[in-house]
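Asks: Next input, structure requested:
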Amino acid sequence: MDIQFINCGEWGIKKTDFDKCIRRLKEHVPDVEGILNVVFVNDDYIQSLNKQYRHKDQPTDVISFSYIETSDFKDTGLIGEIYISVPIAKKQAKKGLEDELNKLFVHGFLHIFGHNHESEKDFKKMNKIEREVLG
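Replies: Residues are numbered from 1 along each chain as shown. Prediction:
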């Protein structure tokens, strides 16, 4: 899996900040060949995505799109996209921005691979993986 970090330089984010989480995440998901884009954006951009795809006209911290089960994946090799709002991450950061960005990245990554928090059982499973990965 090739993980592309987009716009990280514009926000002063280092790709290497995610290496530990990436190694740990790969233990919890199938080995898929393809590209995963992680895009760092502002509130306006993520709000437009949230409005268009989730019908919620407000910014959110992270939104992800999985293409694994679509023809797009077969045609392009694009596994999915994770969009992270850096301004919201900065507001939510309790232990520092790097920790918050990793938390949001892990959350979005797990959604790409089919994890969700729609039921209590699913929430507990996803939350357990997040805690293990984030250490």
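
Asks: what's the helix or strand harbouring residue 127 packed up against?
Replies: In this assignment (DSSP states H and E), residue 127 forms part of helix 120-134. Contact analysis of helix 120-134 by 3 or more Cβ pairs under 8 Å, 6 or more residues apart in numbering; DSSP states H and E lists helix 19-25, helix 97-112 as its packing neighbours. Where you see a C-beta, it was placed from the backbone N, CA and C, and this is true even at glycine.

Asks: wait, which of these is closest to residue 122?
Replies: helix 97-112 (10.5 Å; Cβ to Cβ).

Asks: contacting residues around the closest one?
Replies: With contacts defined as Cβ atoms under 8 Å, 6 or more residues apart in numbering, helix 97-112 is touched by 13, 17-18, 21, 25, 28-29, 36, 38, 61-66, 68, 79-80, 82-84, 86, 89-90, 92-94, 126, 129-130, 133-134.

Asks: ok so, going back, may I see the helices and strands packed on helix 120-134 arranged in CSV, with mean neighbour count and distance to residue 118 as well?
Replies: Shown next, in CSV, are the helices and strands packed on helix 120-134 (neighbours: other Cβ atoms under 10 Å; distance: least, Cβ to Cβ, whole Å):
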stretch, mean neighbour count, distance to residue 118
helix 19-25, 15, 21
helix 97-112, 21, 11
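
Asks: Tell me which of those helices approaches residue 43 most closely.
Replies: helix 97-112 (13.7 Å).

Asks: So which bits of the lowest-mean-pLDDT helix or strand in the chain are buried?
Replies: Between all helices and strands in the chain, the lowest mean by mean pLDDT, DSSP states H and E belongs to helix 71-76, at a mean of 79. Residues of helix 71-76 classed as buried by neighbour count (16 or more other Cβ atoms under 10 Å): residue 73.

Asks: Kindly export whichever helix or strand comes after it (C-alpha atoms) in PDB.
Replies: As assigned by DSSP H and E, the chain's next helix or strand after helix 71-76 is strand 78-85. Extracted in PDB, the C-alpha atoms of strand 78-85 (Å, rounded to 0.1, in the frame of the first residue of the first chain):
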ATOM      1  CA  LEU A  78      -7.100   4.100  -5.400                       C
ATOM      2  CA  ILE A  79      -8.000   2.400  -2.100                       C
ATOM      3  CA  GLY A  80      -9.500   5.500  -0.600                       C
ATOM      4  CA  GLU A  81      -9.100   9.100   0.500                       C
ATOM      5  CA  ILE A  82      -8.900  10.500   4.000                       C
ATOM      6  CA  TYR A  83      -9.500  14.300   4.500                       C
ATOM      7  CA  ILE A  84      -8.400  15.800   7.800                       C
ATOM      8  CA  SER A  85      -9.200  19.400   8.800                       C
END
